[in-house]
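Asks: Predicted model, plus sequence, below.
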Amino acid sequence: MNAGEIFVIMGGSGCGKSTLLKHVIGIEQPAEGKIWINGVDTSLLDDVALRGLHMGIGMLFQSSALFGSMTIGENIALPLTEFTPLSRPDIWSIVKMKLGMVELAGYDNHFPAELSGGMKKRAGIARAMALEPAMLFLDEPSAGLDPVTSAGLDLLIKKLNEGTGTTMVIVTHELETIFNIAHRVIMLDKDVKGIIAQGDPRRLRTESKDPRVTDFFNRRVTDKTNEGTRS
Amino acid sequence: MSDSVPYEITTHGAGDITLILSGRLDLARFGVLSPLIHTLFESYKPLKLDVDMTGIDYIDSTGALFIVKLEDEARARNVPFAVHGLSKEKMGILGLIDRQALTAPSLAPRERNLKIIEQLGNSTLEAFQDIYDIISFSGELIYELVRSSTHVRKVRWGDVVSYMKKVGVDGLPIVGLISFLLGLIMAFMSSLQLKQFGANIYVASLVAVAMIRELGPIMTAIIVAGRSGSAFAAEIGTMKVNEEVDALATMGFSPVRFLTVPKVIASLLTVPVLTIFSSIFAIMGGMIVGVVGLNLTIFTYVQQTMKAIAIFDVVSGLVKSVVFAITISAIGCQRGFKVRGGAEAVGNATTSAVVTSIFLIIVIDSTFAIILHYIH
């Protein structure tokens, strides 16, 4: 991945996109292979060093994973309170700034249960970016959102990427999201158990000769009973 | 310019101030820079403020927030303000800051602290609502139990067996251990007193009567409330959060029949058995003290125990345990069905299930004590 780019991991359901993400952010440990973050082999690090490394990473979970017992403001303030020596007024001015960045100004006293799905995702992004991470991982940001909300979220991600220069790694199979925001994609396949294509998504769609890639981009279903295809 | 203080202030003529920033303007330095806004305007009293950011290597959104706050303060004091030396690329981050958001009032103001009389009123209303909910749920449960008794094949017997294992078999070790130790302690403490009167043999009677009549059913019920009542509340509460209960309702199932009836039947069948085991283990604990500490033979201890036990006590103890079983399982499920929200609500329901069950166990036991006194 290149610094500052929006890098999309795509592929069909069950190909291991979210699992790959969980390995990279350290929630799961790989049975085989190694993971390097900023040139550091994570398998050589102890828990403390690994935690330090992961503090430079923000994560938006598929369900947003906001703490239901805290207000949105408290959710965003939590990492700042825990990991910085900032005063309470400074923390709250950052919280309000982050809420403004994700277009949720004024929602600091709302509880997650009072927000819509799209608003929860925005609040999740604000919390993930609270510590100004160099990398932001987003797991299925558009999952469960209507097309308009999803497109709005895509715009927000693009705006944040361009404004902050944060490297963004997005796991998705939403083609609209991929074409709207991805600088580069890799495509995973569950049969190969690995990467089958990578590059600019617009070029892959038109230039790839791999039927698995073209089927994915053209939403074509292969009928394996008679080897036919339908769109 | 040191790393910890990444700024320099220069004065050009009267009130013409330049703030020179360099290095990283980021979250790590925000704590140092934030108080500078106040200091700059109060100590230097600028008439014109320029910010030179030529030396800035990196700026994040928190760094941009500092610049925006500085500019807002200058505007508020009618001080001309200008930023120089920031590349077009780095200027982009300033555009991310929504100035109105920084002062936007909360759309959901925090609830004011209620006065004591209001709190008392709310608590009273909640208590009445709780009693109403329990009575309403009990009615629904009784209806479903009666309906299940006439439609036996509709009962999910697989679940009943599974819950019997969870409540009974899995609960037996802890019920046995606690009862054994309780019997041991009771026998030991009473032996210290009874020994003085040469009434050692009555230690067996005391342990047997106390356990079979009162402590056996109560101890078992409290342990089952802690283990299984809480588990029922957590299970149904989590299903509520995941909309599984709503899914059952939309498919035409009665959630109470589907989820509560198997748990109540399983508890009904296993808690009395656990109660019997509880008394047996306690008597065994007492026997250890009797044999080792009081020089009684096992035969003598058992004989005295049998002499002390009346059929009425055994039956009343078992009837109590049946009522406790229904109460614990029903309260556990009712609390689970009341869950609204997320993980915290599930935790609250679990705690509430245990506390309410134990409270009701004591109330029911007291009622039984009065009723049994007049019956016997």
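Replies: Right, received. Where do you want to start?

Asks: Report pLDDT for the nearest residue to residue B:185 once chain neighbours are set aside.
Replies: Leaving aside its chain neighbours, residue B:185 sits nearest to residue B:285 (7.8 Å; criterion: C-beta to C-beta, 6 or more residues apart in numbering or on different chains). Any C-beta I mention is one placed from the backbone N, CA and C, and that applies to glycine too. Residue B:285 is assigned 95 on the pLDDT scale.

Asks: Residue B:285 - how many residues pack around it?
Replies: Close neighbours of residue B:285, defined as other C-beta atoms under 10 Å in any protein chain shown, add up to 25.

Asks: Now do the helix or strand where residue A:160 lies: which elements does it pack against?
Replies: Here residue A:160, judged by DSSP states H and E, is contained in helix A:147-164. With contacts defined as 3 or more C-beta pairs under 8 Å, 6 or more residues apart in numbering or on different chains; DSSP states H and E, helix A:147-164 has these neighbours: strand A:6-10, helix A:117-128, strand A:167-171, helix A:175-181.

Asks: Of the ones you listed, which is nearest residue B:348?
Replies: Among these, helix A:117-128 comes nearest to residue B:348, with 21.7 Å by C-beta to C-beta.

Asks: do that closest one and chain B meet at all?
Replies: No: figure legend: helix A:117-128 not in contact with chain B (C-beta under 8 Å from any C-beta of the partner chain); closest approach 10.4 Å.

Asks: Now for residue 75: which residues touch it?
Replies: Just going to use chain A. Residues near residue A:75 by C-beta atoms under 8 Å, 6 or more residues apart in numbering or on different chains: A:66, A:67, A:112, A:123, A:127.

Asks: my question was about chain B
Replies: residue B:81.

Asks: would you put the C-alpha positions of the helix or strand hosting it in CSV?
Replies: For residue B:75, the host element (DSSP H and E) is helix B:61-76. The C-alpha trace of helix B:61-76 is given here as CSV (Å, rounded to 0.1, in the frame of the first residue of the first chain):
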residue,chain,number,x,y,z
SER,B,61,-6.8,17.8,11.9
THR,B,62,-6.1,18.6,15.5
GLY,B,63,-3.2,20.9,14.4
ALA,B,64,-5.7,22.6,12.0
LEU,B,65,-8.1,23.0,14.9
PHE,B,66,-5.5,25.1,16.7
ILE,B,67,-5.1,27.4,13.6
VAL,B,68,-8.9,27.7,13.3
LYS,B,69,-9.3,28.5,17.1
LEU,B,70,-6.5,31.1,16.8
GLU,B,71,-8.3,32.7,13.8
ASP,B,72,-11.7,32.7,15.6
GLU,B,73,-10.1,34.4,18.7
ALA,B,74,-8.5,37.0,16.4
ARG,B,75,-11.8,37.7,14.7
ALA,B,76,-13.6,38.0,18.0
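
Asks: List the buried residues in the helix or strand just after that helix.
Replies: With elements assigned by DSSP H and E, the helix or strand that comes after helix B:61-76 is strand B:81-84. If you call a residue buried by 16 or more other C-beta atoms under 10 Å in any protein chain shown, then strand B:81-84 has these buried ones: B:81, B:83.

Asks: mind putting the helices and strands packed on helix A:147-164 in TSV, distance to residue A:196 included?
Replies: Converted to TSV, those look like this (distance: least, C-beta to C-beta, whole Å):
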stretch	distance to residue A:196
strand A:6-10	11
helix A:117-128	29
strand A:167-171	16
helix A:175-181	15
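
Asks: Tabulate these in a markdown table, adding columns for distance to residue B:213 and mean neighbour count.
Replies: Listed next are the helices and strands packed on helix A:147-164 as a markdown table, based on distance: least, C-beta to C-beta, whole Å; neighbours: other C-beta atoms under 10 Å in any protein chain shown:
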| stretch | distance to residue B:213 | mean neighbour count |
| --- | --- | --- |
| strand A:6-10 | 67 | 24 |
| helix A:117-128 | 55 | 24 |
| strand A:167-171 | 63 | 23 |
| helix A:175-181 | 69 | 19 |
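
Asks: okay, these in a markdown table with distance to residue A:189 and mean pLDDT next?
Replies: Listed next are those as a markdown table, based on distance: least, C-beta to C-beta, whole Å; pLDDT from 0 to 100:
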| stretch | distance to residue A:189 | mean pLDDT |
| --- | --- | --- |
| strand A:6-10 | 11 | 92 |
| helix A:117-128 | 27 | 93 |
| strand A:167-171 | 15 | 93 |
| helix A:175-181 | 16 | 88 |
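
Asks: Select, out of these, the one closest to residue A:39.
Replies: Among the helices and strands packed on helix A:147-164, strand A:167-171 sits nearest to residue A:39 (C-beta to C-beta), with 14.0 Å.

Asks: Okay, angle between the closest one and strand A:6-10 too, please.
Replies: If you take axes from the mean of the first three to the mean of the last three C-alpha atoms, to 10 degrees, strand A:167-171 sits at 20 degrees to strand A:6-10.

Asks: how about the closest residue to residue B:93 other than its chain neighbours, what does it touch?
Replies: Distances taken as C-beta to C-beta, 6+ apart place residue B:64 nearest to residue B:93, at 4.6 Å, with adjacent residues excluded. Neighbour list for residue B:64: B:25, B:93, B:94, B:96, B:97 [criterion: C-beta under 8 Å, 6+ apart].

Asks: do that again at 7 Å, thanks
Replies: Shown in contact with residue B:64 (C-beta atoms under 7 Å, 6 or more residues apart in numbering or on different chains): B:93, B:94, B:96, B:97.

Asks: buried ones in the strand ranked longest in chain B?
Replies: The strand that spans the most residues within chain B, counting by DSSP state E, is strand B:48-59. For strand B:48-59, burial by neighbour count (16+ other C-beta under 10 Å) applies to B:48, B:49, B:50, B:51, B:52, B:53, B:56, B:59.

Asks: In contact with the last one, which residues?
Replies: Under the criterion of C-beta under 7 Å, 6+ apart, the contact list for residue B:59 reads B:25, B:26, B:90, B:93.

Asks: Specify the beta-bridge partners of it.
Replies: Beta bridges link residue B:59 to residue B:25, judged by DSSP bridges.

Asks: Can you get me a residue count around residue B:272?
Replies: 21.

Asks: Name the helix or strand for it, please.
Replies: According to DSSP H and E, residue B:272 maps onto helix B:261-293.

Asks: Any idea how far that helix is from the middle of the chain?
Replies: Computed by C-alpha atoms, centre = their mean, to the nearest Å, the separation of helix B:261-293 from the middle of its chain amounts to 28 Å.

Asks: and residue B:309, backbone torsions?
Replies: phi -80, psi 130 (degrees, to the nearest 10).

Asks: Find the residue closest to it in space, skipping its chain neighbours.
Replies: For residue B:309, the closest residue by C-beta to C-beta, 6+ apart turns out to be residue B:208, at 5.4 Å.

Asks: which stretch among the helices and strands packed on helix A:147-164 comes nearest residue B:226?
Replies: Short answer: helix A:117-128, nearest of these by C-beta to C-beta, at 34.9 Å.

Asks: contacting residues around the helix or strand just after the closest one?
Replies: Using DSSP H and E, the helix or strand that follows helix A:117-128 towards the C-terminus is strand A:135-139. The contact list for strand A:135-139, computed with C-beta under 7 Å, 6+ apart, reads A:18, A:21, A:25, A:56-62, A:128-129, A:166-171.

Asks: still on that earlier bit, wait, the residue nearest to residue B:185 sits on residue B:183?
Replies: Yes: using C-beta atoms under 7 Å, residue B:285 is in contact with residue B:183, at 3.0 Å.

Asks: How many residues are close by the closest residue to residue B:201 other than its chain neighbours?
Replies: Closest residue to residue B:201 apart from its sequence neighbours, by C-beta to C-beta, 6+ apart: residue B:304 at 5.4 Å. Using other C-beta under 10 Å, residue B:304 has 21 neighbouring residues.
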